[in-house]
Structures are given as C-alpha cells and as structure tokens.
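>>> Take a look and give me a structure for this.
(one chain, ligands or ions: 1)
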Amino acid sequence: MLAQEIIRIKRDGHPLERAHIDNFVKGLVDGSWSEGQAAALAMAMFLNGLSRAETAALTQAMMHSGRVMDWSQANLSGPVLDKHSSGGVGDKVSLMLAPLVAACGGVVPMISGRGLGHTGGTLDKLGSIPGYKTMPDVATLHRALQSAGCAIIGQTADLAPADGRLYAIRDVTATVETVPLITASILSKKLAAGLQGLVMDVKVGNGAFAASMDMAKALAESLVQVATGAGLPTRAWITDMNQVLGTTAGNALETLEAVEFLKGNALEPRQLLVTRILSAELLLMGGLAANEVDALQKVDQALQSGRALEQFSRMVSALGGPADFVERPSHYLSAAPVQLTVPAPRSGWVTGMATRDIGLAVVELGGGRRQASDTIDPRVGFTQFAQVGQQVHSGDVLAVVHAADTASAERARQTLLALIHIGDTPPVMSPVLLKHVV
Ligand code: URA
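This next block holds a predicted model:
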C-alpha cells in the first residue's frame with residue numbers, strides 16, 4: 001500500500017490495521033517512507049489518536065525493527081529489571097536506583113537517553129565521568145552486569161531503530177506530547193531490552209511532559225497495559241514534578257549528588273522517597289522481596305551498608321571510568337569556573353517554581369542541547385536548590401549557579417529570581433508520590 005493512502009486513513013480519523021502500521025515502521029527503517037510522509041502520519045496520529053490495539057501494534061512493530069536482546073547467554077545472577085522515567089528536571093533517580101536494585105540481587109541493564117527539551121538525560125549525567133563508556137561493546141556490557149549487577153548505557157543504533165528515526169522527526173514537528181506515541185516510543189526500547197520487570201516513573205506537573213494528572217494517568221495506564229499485554233510485567237508510579245527533584249540540576253552536579261546520596265550524605269527527602277519506592281517495586285516484581293515492608297528494608301540496608309555505593313563504583317570502573325571515582329568524585333568531575341549564589345530577594349516561603357523553565361535555564365547555561373548535534377557543558381547547572389515549602393529570609397541562598405562565564409551566570413541568576421516564587425504564607429504541600437498504577 002502507498003504511504004499516502006495509509007496517511008489518508010489516519011487523517012480521516014479511521015483506525016489503522018496492523019499491516020498499515022508494519023508498512024510504516026518498515027518504511028521508517030528502510031527509508032521507503034520520506035521524512036515528510038512520516039511527519040504527516042505522526043501529526044495525523046497526534047491529532048486523531050490511536051486505539052490501545054493500534055498503540056500495541058506500533059509498539060511491537062518498532063520493538064522488532066531491530067535487535068531484541070537476549071540475556072540467556074550472559075550468565076546473569078538475578079532477574080533482569082529496569083526503571084524508566086518520563087522525564088523531569090533534576091531527576092537523577094536512575095543513578096541511585098540501578099545500584100540499589102543490583103545490591104539487592106537484581107540485574108539492571110538500563111538503556112537511557114540523552115537530555116530531551118527541558119529534561120536532563122541520564123546518559124549525559126554519566127557522560128560527565130571521564131572514561132565512562134556509554135556505548136560499550138557486548139562483552140564489556142556483560143562483564144559490567146556480572147561484576148556490578150547494573151550498567152547504565154545508551155541506546156545502540158540497532159535497538160528499536162524505527163523509534164530512533166520517528167523520535168527525531170517528532171522532536172522537530174511538535175508531535176512528542178501524546179500518550180500513544182510516547183507509549184510506543186518508550187516501550188519499543190524497553191521490550192527490545194529483554195526485561196523481566198519494568199517500573200515506570202510517570203512525572204506530572206509543570207516540569208513534566210504530562211502537565212495534568214489526567215494526562216499522567218492516561219500515560220501510566222497506557223504504559224502498564226501495553227507493556228503487560230506484550231508480556232513485560234510493568235507497574236507505574238505517578239510522581240510530582242512541580243519542583244526540581246533533589247537539590248541539583250545539571251549533569252556533573254547531579255552525578256555528584258547521586259554519589260553523595262549513595263554515601264548517605266545527600267538524602268533530600270522527596271528524592272529519597274521516589275528512589276526507595278521505585279527500587280522496592282522492582283524487588284517485588286523480581287521476586288527479591290516478600291512484601292513491600294521487606295522490599296523497603298532491603299533497599300534501606302543496601303543504602304546504609306554502602307553496598308549500593310560499591311555496585312555503583314564497580315559499574316563505573318567496568319565501563320571504563322576511574323576505579324576510585326566514588327572516593328574522589330570532585331577530583332574527576334570538572335567544576336564550572338564561575339559560581340554565583342542566588343539570594344532570596346525577600347523573606348517568606350518558597351511557594352512554587354517554574355520547573356520547566358528551570359530545566360531550560362540549564363540548557364541556556366550550556367548543560368543541554370538546542371540541536372541534536374550540540375555538545376554539552378557537563379559542569380554547569382544549579383546546586384543548593386531551595387525546596388517548595390521552605391521558609392527563607394531575605395538574602396538566604398535559593399540556589400547556586402554554576403556557569404562557564406560571569407555573563408551567563410548573571411543571566412541565570414536573574415532568570416532564577418523570576419522562576420522561584422516566594423509568598424507570605426506557607427504553600428499547601430503536594431506529596432511526591434501521587435498514584436500507583438498496576
Ligand atoms: N521518552 C521517549 O523515549 N519517548 C518519548 O516519546 C517521550 C519520552
């Protein structure tokens with residue numbers, strides 16, 4: 001069938017059959033669908049939606065568009081588990097969760113992405129560690145999983161390549177924020193990774209792709225149903241993204257916060273809660289804990305005993321980073337030359353923040369990409385970020401800007417002053433864990 005005939009069906013609001021979707025996905029990979037045609041179908045899908053059956057067909061076709069990983073020959077010691085976040089600002093949970101789950105007996109081959117729009121990417125955070133190979137060969141990956149129980153790496157070109165091309169087209173045609181396409185995009189990669197259990201962290205709020213609870217719920221339910229239907233047990237938590245998670249945003253700065261977290265030194269409560277609950281969920285899914293209380297205890301022990309830190313350290317060195325990275329992270333992570341505090345302009349309470357714009361301020365400092373080909377400056381970003389609900393006095397530190405030069409630091413300081421809101425009364429606090437979707 002001609003591509004334009006398939007586009008016409010969706011344009012006119014009719015459902016696509018599996019054969020149409022297979023034709024599209026094949027065309028994405030072999031180039032028989034032009035960029036214009038793929039963009040037109042993406043927009044028709046965006047505007048007219050996809051049923052659950054169409055979403056499942058698209059997910060499975062994209063999953064099979066490349067290599068599907070098989071861990072049976074890798075000599076792994078536990079269930080293969082993973083977590084995925086729909087994206088936020090300061091969201092470094094993966095860096096702590098992967099070694100925590102590994103320390104409890106799981107195996108976490110986590111395929112992560114680079115920063116996207118205003119959100120940071122796990123891969124960019126780890127890219128700040130000198131020598132760390134985000135694209136290891138298969139033998140190195142297997143060795144890392146055997147010795148550390150976790151390996152956070154990038155998506156290879158042969159894993160769900162149809163998603164790679166479609167995603168790049170969606171990114172520049174305003175067709176990203178729609179539940180069926182996000183579902184198919186995320187799950188095609190996760191299904192191709194040969195997992196036995198997946199937990200999704202669906203972010204909601206002014207720093208997330210899902211701005212409303214309705215959209216987050218729809219996305220969580222779609223992810224859980226489509227993944228489970230395709231044979232991958234999946235559960236989701238909807239978590240709050242109306243403020244920076246933890247106290248840092250920016251690649252090397254977040255990596256440093258993650259190491260300090262694993263040392264028990266930087267346990268910002270909301271970040272700790274999200275990390276514990278998602279880790280515990282994976283232990284339950286992998287049969288590594290008897291119940292939720294047991295799972296949380298195991299996670300806490302892995303953190304307090306330093307075993308999770310040890311797994312992280314092994315992962316870094318197995319993937320080419322310094323063997324003593326966790327002992328001397330500040331020695332290896334380069335620091336920005338300019339650091340500027342952002343003082344509270346008045347006394348009161350932090351009542352909210354424009355989180356998406358804070359993510360964009362990191363991009364503006366050079367910590368994210370405007371175009372896919374851009375290189376990023378891992379040193380820049382923010383630390384000591386104030387929390388919503390915090391009482392501040394005039395002159396207290398709301399954040400510290402880390403910048404490549406004085407002019408960009410000063411611009412970021414002015415930007416942050418407009419993005420962090422201070423009021424006269426304490427705000428009504430929203431919990432960080434909002435909904436469990438199973
Ligand atoms: N992350 C993905 O991998 N795909 C999307 O569509 C959105 C977020």
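
>>> Need the residues that contact stretch 231-240.
Identification of contacts with stretch 231-240 by C-beta atoms under 8 Å, 6 or more residues apart in numbering yields 187, 190-191, 195-205, 213, 216-217, 220, 223-224, 227-228, 270, 274, 277-278, 281, 285, 430-438. To be clear about C-beta, it is placed using only N, CA and C from the backbone, and glycine gets the same treatment.

>>> Next up, the contacts around the residue in the stretch 151-300 of the chain positioned nearest to the ligand.
Closest to the ligand within the stretch 151-300 of the chain is S185: 3.4 Å, counting by C-beta to the nearest ligand atom. Going by C-beta under 8 Å, 6+ apart, S185 touches M62, D163, L166, Y167, R170.

>>> For D82, see how far away G106 is.
9 Å (C-beta to C-beta, to the nearest Å).

>>> shared neighbours, those two?
Counting by C-beta under 8 Å, 6+ apart, the residues touching both G106 and D82 are L282.

>>> so where is the stretch 51-200 of the chain shaky, pLDDT-wise?
116 (pLDDT under 70).

>>> Which residues of this structure lie near the ligand?
S86, G87, G113, Y167, V176, L181, I182, S185, I186 (C-beta under 6 Å from any ligand atom).

>>> what about 8 Å?
Neighbours of the ligand within the chain, by C-beta under 8 Å from any ligand atom: 84, 86-87, 113, 116, 163, 167, 170, 176, 181-182, 184-186, 189, 209.

>>> Return the subset of those lying in strands.
Here DSSP state E is the test, and those give H84 as lying in strands.

>>> Report the two of the residues of the chain next to the ligand separated the most.
Greatest spatial distance in these: H84 and R170, 17.5 Å, computed using C-beta to C-beta.

>>> More neighbours: which of these two?
Higher neighbour count among H84 and R170: H84, with 26 against 23, using other C-beta atoms under 10 Å.

>>> how much space is there between that one and K133?
Distance of H84 to K133, given as C-beta to C-beta: 21 Å.

>>> cool, L95 as well?
Counting by C-beta to C-beta, the gap from L95 to K133 is 16 Å.

>>> try V432
To K133, V432 is 33 Å away according to C-beta to C-beta.

>>> what about stretch 83-90, how long is it end to end?
Length of stretch 83-90, first residue to last, C-alpha to C-alpha, to the nearest Å: 16 Å.

>>> meant to ask about stretch 231-247, not that
Chord length of stretch 231-247, first to last residue, is 37 Å (C-alpha to C-alpha).

>>> got the buried residues for it?
Using 16 or more other C-beta atoms under 10 Å as the test for burial, stretch 231-247 gives 232-247.

>>> again with stretch 378-396
Neighbour-count burial for stretch 378-396 flags P378, R379, V380, G381, F382, T383, F385, A386, V388, Q390, V392 (criterion: 16+ other C-beta under 10 Å).

>>> and those as a markdown table, adding pLDDT and secondary structure?
Shown next, in a markdown table, are the buried residues of stretch 378-396 (pLDDT from 0 to 100; DSSP: H, G, I helix; E, B strand; the rest coil):
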| residue | pLDDT | secondary structure |
| --- | --- | --- |
| P378 | 97 | coil |
| R379 | 98 | coil |
| V380 | 98 | coil |
| G381 | 98 | strand |
| F382 | 98 | strand |
| T383 | 98 | strand |
| F385 | 98 | coil |
| A386 | 97 | coil |
| V388 | 98 | coil |
| Q390 | 97 | coil |
| V392 | 98 | strand |
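
>>> ok, these vs H331, which is closest?
Closest to H331, out of all of the buried residues of stretch 378-396 and judged by C-beta to C-beta, is R379, at 14.0 Å.

>>> right, and that closest one touches S408 too?
No: R379 lies out of contact with S408 (C-beta atoms under 8 Å); the separation is 11.7 Å.

>>> In the stretch 301-438 of the chain, where is pLDDT below threshold?
Where the stretch 301-438 of the chain drops to pLDDT under 70, the residues are 372.

>>> for it, what spans make up the strands?
Secondary structure of the stretch 301-438 of the chain by DSSP state E, counting those that start in this stretch: the strands cover 338-343, 348-353, 381-383, 391-392, 397-403, 420-423, 433-437.

>>> Which of the contacts of stretch 231-240 fall within helices?
Under the assignment DSSP state H, these contribute 187, 190-191, 213, 216-217, 220, 223-224, 227-228, 270, 274, 277-278, 281, 285 to helices.

>>> Filter those residues down to the buried ones, PyMOL style.
Selection command for PyMOL covering only the buried members of those, criterion 16+ other C-beta under 10 Å:
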select buried, resi 187+190+191+216+217+220+223+224+227+270+274+277+278+281+285
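
>>> Compute the number of surrounding residues for R370.
By other C-beta under 10 Å, the burial measure for R370, its neighbour count, is 9.

>>> so who does it touch?
Applying C-beta under 8 Å, 6+ apart, the residues near R370 are V363.

>>> repeat for N291
Listed by C-beta under 8 Å, 6+ apart, the contact partners of N291 are L284.

>>> One more: G348?
With contacts defined as C-beta under 8 Å, 6+ apart, G348 is in contact with Q391, V392, I422, G423, D424.

>>> how near is the fourth one to the ligand?
Okay, so that is G423. In this view, G423 and the ligand are 33 Å apart by C-beta to the nearest ligand atom, to the nearest Å.

>>> Near that residue, how many other residues are there?
Look at G423: counted by other C-beta under 10 Å, it has 12 neighbours.

>>> wait, it sits on T351?
Yes: contact status for G423 versus T351: in contact at 3.9 Å, counting by C-beta under 8 Å.
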